[in-house]
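Q: Got a predicted structure plus its sequence, pasted below:
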Amino acid sequence: MNSKNHDVKLYNVLFPFWMLLLFPQIWLIVLPGNFIIDSLVFLISMAVLKIAEKRQWYKRYILKIFLFGMISDLIGAGYLLLMMLVFEVGRMGDELYLTAPAIGISAVLIFLLNYFVTFRKTDKPLRFKLSLTFALVTAPYTFLIPSSWLYG
């Protein structure tokens, strides 16, 4: 009879998701950090795409971009937790087959939410370019950091 050890240890879960739950004060770093990254990506994208009314666009769209990015990242992290806690599949970041789908889920959600909600009133080629840029550049690549690097 094959016996498995079914102990779940928190140190196997990738930062920042559990760190955010265990140490809520870290949100004070993560939220502004993500907002700054989203802002930089948006400002650079507007410059590259030659959008004339940058200030108006920024005011109109940055909050949705930021919120949809956070929601998408949390859903990707939820997938990682589901795989680890419910299906007991591997360690976060140590197996590409586990983390790549989580990044993909988040990236697809970032694209869809920005394309169909945030930029829905802009012309299709521009909203496609902006949505794709955010999906590719702001996907949660930190999921790829092996938890073994953080916890030994």
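A: Noted; the coordinates are in hand.
Q: And the strands in the chain?
A: Read by DSSP state E, the chain holds no strands at all.
Q: Quick check: longest helix in it by residues?
A: With DSSP state H applied, the helix covering the greatest number of residues in the chain is identified as helix 54-81.
Q: which stretches of the chain have low pLDDT?
A: 1-24, 90-94, 147-152 (pLDDT under 70).
Q: doesn't residue 102 make contact with residue 144?
A: No - when contacts are counted by Cβ atoms under 8 Å, residue 144 is not listed as touching residue 102 (9.5 Å). For glycine as for every other residue, the C-beta is placed from the backbone atoms N, C-alpha and C.
Q: These two - which one has more neighbours?
A: Here residue 144 and residue 102 are compared on neighbour count by other Cβ atoms under 10 Å; more neighbours surround residue 102, at 26 against 15.
Q: Would you agree the more buried one is in contact with residue 81?
A: No - shown here, residue 102 and residue 81 do not form a contact pair, counting by Cβ under 8 Å, at 9.5 Å.
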